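J.: Fold the stuff below for me.
(one chain, ligands or ions: 2)
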Amino acid sequence: MKQWLKKKLTALTNTKSKKQIISRDEHDISRRFISRGAQAVIKKLQASGYQAYLVGGGVRDLQLGGRPKDFDVATDAKPEQVHVLFKGSRIVGRRFRIVHVRQGREIIEVTTFRGSHDQDDNLNKQQSRQSESGMLLRDNVFGTVEEDAIRRDFTVNALYYNPEDRTIHDYTGGLDDLHNGLLRLIGDPETRYREDPVRMLRAARFAAKLEFDIEASTEAPIEPLANLIDSVSSARLFDEMLKLFQSGYGERTFYQLRRLGLYKHLFAQTEWALTHSQKNEHYQAMIVQALRNTDARIADGKSVTPAFIIAAMLWPPLQEAIEKLGNKMKPQDAYQQACQQVISGQLGQISIPKRFTITVREIWDLQYRLPAIQGKRPERTAAHPRFRAAYDFLLLRETAGENTGDLGAWWTDYQRDNPLPSPAQRMQHDDQKDERHRPTRRRRRRTQH
Ligand code: ATP
Ligand code: MG
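T.: Ligands and ions are numbered 1, 2, ... in the order given. Take a look at the predicted model:
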């Protein structure tokens, strides 16, 4: 953490650590940096007689001097009451019902304070369900703001800010942990991981994002419980994977996931190649480079596709599989079979939408077309809609030490000498592709916590 920030937070927390309510001149959050949408939603809820706070990552990141990417609101109004109050709002989620309130171009997530789900009354039993392993299948028991605080994951994610009187409410010692750069799970870590194993992935993600240490008792159960990740739905794991690798700090997250023994529960085949193959250093270098490129693109505000990261993550097991199958069949058949084997193996862990697995295949296929540089073939390859991604992928392989006979440089020169085809030509090519590979329509999944 930056030195100045540490000092500032030391001054703040040393004197006030026992206090639960921190007044406006004792913290650094300025309303200026809170989105208008979130402020408007809080104002309206409060004017209607409800409690409402800014909560979660927004408060945490503002206090750390960063610019939050979204703002969540917590309130004692029930989802239906919120829905009635805001035109065009939608109640979403089953496992965890929340309201999406549209404010101009922003969507503000409004959650109702959750209560403790282990109270033994009938209503709670109906509204909250747990599996045999202790996993929370539903969490719709409502409660007070204090109860809401202790069911959140990490103390630093459980700070509540009231823009009206500009106070921060801290019920779990989150401000102290923020100052100490510590990620601490609220409550008994083992129970909390059993309730929701995704919290282990979140620990890795926040440790990487905030560059915080994971507090010892929060970290200790992760490795022994890591296999609980396997019981999380593969659709939810896809959403989590995007947050892990496409939030701008993917490289650090990758190191944390591997250190904590979590990575193999997301990419088992890759983990195997990274630990058992003779080429493991080369493979690791390639994945790290892919994540670095992605982090850099996000920092520059450029777009990123999950297909590129997935193509890089699965390249090591693909190479291993091709090698194995190569003894038994023709290279082209070995490649086709290896692709299928690796992709379907991966789908057993994370459900990757078809439109992305198609792109992964295209990026890989092009790796085998890029060496064909005679006659008209480069022209056709360069006109492929995934050419640019495939070229970047080739450079990635080279940066990681693979000898391609300077193919990257050849294609760099080719593009300099042959500017890209006109947009009309490219569109025509895209249309043809779309006909062949039109992805099946998927129902949009709702965001869940
Ligand atoms: P960021 O948006 O920067 O990734 P965040 O802390 O806002 O981080 P979200 O996933 O947006 O994370 O969740 C918002 C808040 O909801 C969290 O800060 C936390 O308080 C709570 N939360 C989210 N997921 C869980 C979970 N699995 N268990 C308990 N609380 C959670
Ligand atoms: Mg958030």
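J.: Contacts only, for the closest residue to ligand 1 within the chain.
T.: Residue nearest to ligand 1 within the chain: residue 57 (2.3 Å; CB to the nearest ligand atom). Just so you know, the C-beta spots here come from the backbone N, C-alpha and C atoms, and that holds for glycine as well. Counting by CB atoms under 8 Å, 6 or more residues apart in numbering, residue 57 touches 68-70, 72, 157.
J.: Could you list which of those residues also contact ligand 1?
T.: Checked against ligand 1 using CB under 6 Å from any ligand atom, those give the following subset in range: 69-70, 72, 157.
J.: coming back round to it: need the contacts of residue 57 in a markdown table (columns: neighbour count, pLDDT and secondary structure).
T.: As requested, the contacts of residue 57 are arranged in a markdown table below (neighbours: other CB atoms under 10 Å; pLDDT from 0 to 100; DSSP: H, G, I helix; E, B strand; the rest coil):
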| residue | neighbour count | pLDDT | secondary structure |
| --- | --- | --- | --- |
| 68 | 19 | 90 | coil |
| 69 | 10 | 83 | coil |
| 70 | 15 | 88 | coil |
| 72 | 20 | 96 | strand |
| 157 | 21 | 97 | helix |
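J.: Of these, which is the nearest to residue 330?
T.: Nearest to residue 330 among these: residue 69, at 48.6 Å, using CB to CB.
J.: Let's see the distance spanning stretch 225-232 from one end to the other.
T.: 13 Å (CA to CA, to the nearest Å).
J.: re the thing from before, tell me the backbone dihedrals of the residue of the chain closest to ligand 1, please.
T.: The phi/psi pair for residue 57 (degrees, to the nearest 10) reads phi -60, psi -30.
J.: Can you read off the pLDDT for it?
T.: We have a pLDDT of 94 for residue 57.
J.: What helix or strand is the nearest residue to residue 288 once chain neighbours are set aside located in?
T.: Nearest non-adjacent residue to residue 288, counting by CB to CB, 6 or more residues apart in numbering: residue 251, 5.9 Å away. Following DSSP states H and E, the helix or strand that holds residue 251 is helix 250-259.
J.: hmm, who's touching that helix?
T.: 201, 204-205, 207-209, 211, 244-245, 247, 262-263, 266, 271, 274, 287-288, 291-292, 294-295, 309.
J.: can you do 6 Å?
T.: 204-205, 207-208, 244, 263, 288, 291-292, 294-295 (CB atoms under 6 Å, 6 or more residues apart in numbering).
J.: Next, the angle helix 250-259 makes with the helix or strand just after it.
T.: Going down the chain from helix 250-259, the next helix or strand is helix 268-276, by DSSP H and E. Angle between the axes of helix 268-276 and helix 250-259 is 80 degrees (criterion: axes from the mean of the first three to the mean of the last three CA atoms, to 10 degrees).
J.: I'd like to know which elements the host helix or strand of residue 199 is packed against.
T.: Using DSSP H and E, residue 199 falls within helix 198-210. If you count contacts as 3 or more CB pairs under 6 Å, 6 or more residues apart in numbering; DSSP states H and E, helix 198-210 packs onto helix 189-195, helix 234-245, helix 250-259.
J.: Any part of the second one near ligand 2?
T.: No. In this structure, helix 234-245 remains apart from ligand 2 according to CB under 5 Å from the ion; the gap is never smaller than 9.5 Å.
J.: Now do that helix against helix 250-259, angle only.
T.: Going by the same axes, to 10 degrees, helix 234-245 makes 120 degrees with helix 250-259.
J.: quick one: low-confidence ranges for the stretch 301-449 of the chain?
T.: 420-449 (pLDDT under 70).
J.: tell me the pLDDT at the residue nearest to residue 288?
T.: On the pLDDT scale, residue 251 gets 98.
J.: how near is it to residue 142?
T.: 40 Å (CB to CB, to the nearest Å).
J.: And for stretch 83-91, what's in contact with it?
T.: Contacts of stretch 83-91 (CB under 6 Å, 6+ apart): 48, 79, 97, 99-102.
J.: Out of the residues you listed, which is nearest to residue 360?
T.: Nearest to residue 360 out of the contacts of stretch 83-91 is residue 100 (CB to CB; 30.7 Å).
J.: Quick check: the closest one touching residue 107?
T.: Yes. Using CB atoms under 6 Å, residue 100 makes contact with residue 107 at a distance of 5.1 Å.
J.: okay, those two: which has more neighbours?
T.: residue 100 (19 against 16; other CB atoms under 10 Å).
J.: That one is in what secondary structure piece?
T.: Using DSSP H and E, residue 100 falls in strand 98-103.
J.: can you list contacts of stretch 164-178?
T.: Contacts to stretch 164-178, defined as CB under 6 Å, 6+ apart, come from residues 13, 17, 20-24, 27, 146, 149, 155-156, 158-161, 184, 186.
J.: Next, the distance between the ends of that stretch.
T.: Using CA to CA, the two ends of stretch 164-178 sit 23 Å apart.
J.: Report the distance from that stretch to the chain centre.
T.: 25 Å (CA atoms, centre = their mean, to the nearest Å).
J.: Go through that stretch and flag the buried ones.
T.: Judged by neighbour count (16 or more other CB atoms under 10 Å), stretch 164-178 contains these buried residues: 166-178.
J.: Do you have the helices of the stretch 1-150 of the chain handy? List them.
T.: 3-16, 36-47, 57-63, 79-85, 122-127, 145-150 (DSSP state H, counting those that start in this stretch).
J.: quick one: average confidence on the fourth one?
T.: Summarised as a single mean, pLDDT over helix 79-85 is 96.
J.: how far does that helix sit from the chain's center?
T.: 29 Å.
J.: how about that helix as CSV, C-alpha atoms only?
T.: Extracted in CSV, the C-alpha atoms of helix 79-85 (Å, rounded to 0.1, in the frame of the first residue of the first chain):
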residue,chain,number,x,y,z
PRO,A,79,-37.0,-6.0,-2.9
GLU,A,80,-40.7,-5.4,-3.8
GLN,A,81,-40.7,-2.1,-2.0
VAL,A,82,-37.6,-1.0,-3.9
HIS,A,83,-39.2,-2.1,-7.1
VAL,A,84,-42.4,-0.1,-6.4
LEU,A,85,-40.3,3.0,-5.7
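J.: Next to ligand 1, which bits of the chain? Give me the list.
T.: Counting by CB under 6 Å from any ligand atom, the chain sits next to ligand 1 at 56-57, 69-70, 72, 152-153, 157-158, 196, 198-199, 449.
J.: just these now: which is nearest residue 347?
T.: Nearest to residue 347 among those, with distances taken as CB to CB, is residue 198, at 18.9 Å.
J.: How many residues are close by residue 54?
T.: The burial count for residue 54: 27, using other CB under 10 Å.
J.: With residue 65 instead?
T.: 14.
J.: Give me the domain ranges for the protein.
T.: 3-196, 265-420 (automatic domain parsing).
J.: Can you check which of those domains gets nearest to ligand 2?
T.: Closest to ligand 2 of the domains of the chain is domain 3-196 (CB to the ion; 3.8 Å).
J.: any bit of that closest one sitting next to ligand 2?
T.: Yes. Contact of domain 3-196 with ligand 2 (CB under 5 Å from the ion) involves 57, 70.
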